[in-house]
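Engineer: I would like the atomic coordinates for the input below:
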Amino acid sequence: MWDYKPTKLSGLTQFSLLNLVLTTTIVALGVGLYSSGRRNARLDARNQALAVENKKHREMLGIFDIEDPTQIHAIRVPTEGDEPRRFRIYLPEGRTYAVNYQANRIPESGLGEYPNPQVLQPGEYLIGIKITRSNDPTTGKPSPSVHVDFQVDATHPDNNNGVSAGIGISEMWNDWIVNNETGQMAYSWNEIGRELELYDLDQPLIVYRARPHTVKVLSRDNDGKPTSYTTSDIDGPTDGFMVWIESKPLETTE
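Structural biologist: Modelled structure (predicted):
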């Protein structure tokens, strides 16, 4: 019969087993942290992509968050049939502002020389511009004049600042309201775009500029009516309508 006596593990064996357990634990923790880090990185990338996509969709609706409270923010707001033209504007604190509009004598670039300034307080606004061709009350046919509805409304209920004006514009120099060739209005415009833009406070912000075009007929039908035509810019000041915003620092008293 065998006389079996259990032997005790030596100190070296106990130390080796402890090392193995610690090493296994550390490796497991490392793998877990690595996997967690990769998962968090994927989530961060996904969240950033969603934030960019959300910003894009909001801007498509003409909505923005204030990215830099020291700069003017501006974006075009979509409207049904693109009328009226609408723009969302943020004006930072610490400045005085004037929204200017001008009918006719519209320059190709730069500011108009005959503004109608209206004071605006800092804040967020919606600016609307709608140009409607007038009709002859006797014949009902279009007449060589337009009516411009110009509206500036504060979006915050605590700000009751705003502007409302109706402006009549007649053809003075340019054939553009009832074009002799096409019978249609012939003008183009430059305006704030559909993506959010930030503007320096010391530079004027051109919101909208509409100027007539000349029309060149390319072909006609058997009755002499134009079937195709091109338009081109006119040099120098023209009839039309424009809106811009200027600001200056608040005056301080010693």
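Engineer: contacts and neighbour counts: CA atoms only from here.
Structural biologist: OK.
Engineer: List the contacts of the residue nearest to the spatial centre of the chain.
Structural biologist: Residue closest to the mean C-alpha point of the chain, counted by Cα atoms, centre = their mean, is Ile75 at 1.7 Å. Contact analysis of Ile75 by Cα atoms under 8 Å, 6 or more residues apart in numbering lists Glu59, Gly62, Ile63, Phe87, Arg88, Ile89, Ile192, Gly193, Arg194, Glu195, Leu196, Glu197.
Engineer: switch to 7 Å and redo it
Structural biologist: Residues in contact with Ile75 (Cα atoms under 7 Å, 6 or more residues apart in numbering) are Gly62, Phe87, Arg88, Ile89, Ile192, Gly193, Arg194, Glu195, Leu196, Glu197.
Engineer: In three-state terms, label it for me.
Structural biologist: Counting by DSSP: H, G, I helix; E, B strand; the rest coil, the backbone at Ile75 sits in strand.
Engineer: and what of Asn40?
Structural biologist: What three-state DSSP gives for Asn40 is helix.
Engineer: Give the burial count for it, as a bare number.
Structural biologist: By the measure other Cα atoms under 10 Å, the count of residues near Asn40 is 12.
Engineer: Same question for Val77.
Structural biologist: Per other Cα under 10 Å, the neighbour tally for Val77 reads 23.
Engineer: what's it in contact with, if anything?
Structural biologist: If a contact means Cα under 7 Å, 6+ apart, then Val77 has Leu61, Gly62, Arg86, Phe87, Arg88 as its contacts.
Engineer: hey, what's it bridged with?
Structural biologist: When bridges are called by DSSP bridges, Val77 pairs up with Arg86.
Engineer: Next one: Ala154 from Trp173, what distance?
Structural biologist: To Trp173, Ala154 is 36 Å away according to Cα to Cα, to the nearest Å.
Engineer: The two: which has the busier surroundings?
Structural biologist: Set side by side, Ala154 and Trp173 show more neighbours around Ala154, with 22 against 12, by other Cα under 10 Å.
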